[in-house]
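Visitor: Output the structure for:
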Amino acid sequence: MTELSAFTGDDLDLILDTPGVVMKGAIVADGHKNALAFLKEVTAGAKEFRAAQKHENAFVKAVATALRERGTDAETDDRELPFDDQAMTQALKQAQAATALLRERAEAPDAEAYGAWLLQIATVISESVKTKEGGFFSKKVAVSEGERVFLEHLAQAIGR
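Guide: Below you'll find the model as predicted:
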């Protein structure tokens, strides 16, 4: 198993900051500014962060535990929502950089589990609120078109 203590400075910050950045990217991916939807998405993300503290992969578990100890919690981190495409772009760039770093310096199963966890965070958030795509009389969908595109780009960024 790769030890989180093997990373320091900017590398450690990248590994620890990326899950929160991915969460923000997933939240804004639907393109809507709805306070209730925002709260549901933040809550879904927070549950995923807590669940990761019991993750089957020890490295992901160590990252989630370090986030909790660091005081970075999805529910308390940045109540302000960046409603722009920059959040998604930043999430994709950072996810790509973090997974590339782990592929280079961590054991393969740990790098794979971390990337899968990032995708899981975004998926859970995307599926947490059903939205109407086509207007008032359209049916609700679990994942909007914007969220679907974000999830596809995230999967590509992490090499899945």
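Visitor: I'd like to know how far residue 108 sits from residue 149.
Guide: With distances taken as C-beta to C-beta, to the nearest Å, residue 108 is found 28 Å from residue 149. Where C-beta positions appear, they are placed from N, C-alpha and C, glycine not excepted.
Visitor: Check residue 100 too.
Guide: Summarising the geometry, the distance separating residue 100 from residue 149, computed by C-beta to C-beta, is 22 Å.
Visitor: neighbour count winner among those two?
Guide: For residue 100 and residue 149, the more surrounded residue by other C-beta atoms under 10 Å is residue 100, and the numbers stand at 16 against 13.
Visitor: The helix or strand harbouring that one: what's the following helix or strand?
Guide: Assigned by DSSP states H and E, residue 100 belongs to helix 85-105. Scanning the chain past helix 85-105 towards its C-terminal end, the next helix or strand to appear is helix 108-127 (assignment: DSSP H and E).
Visitor: Which of the three states applies to residue 54?
Guide: In terms of secondary structure, residue 54 is coil; the call rests on DSSP: H, G, I helix; E, B strand; the rest coil.
Visitor: need the contact list for it.
Guide: Residues counted as contacts of residue 54 (C-beta atoms under 8 Å, 6 or more residues apart in numbering) are residue 61.
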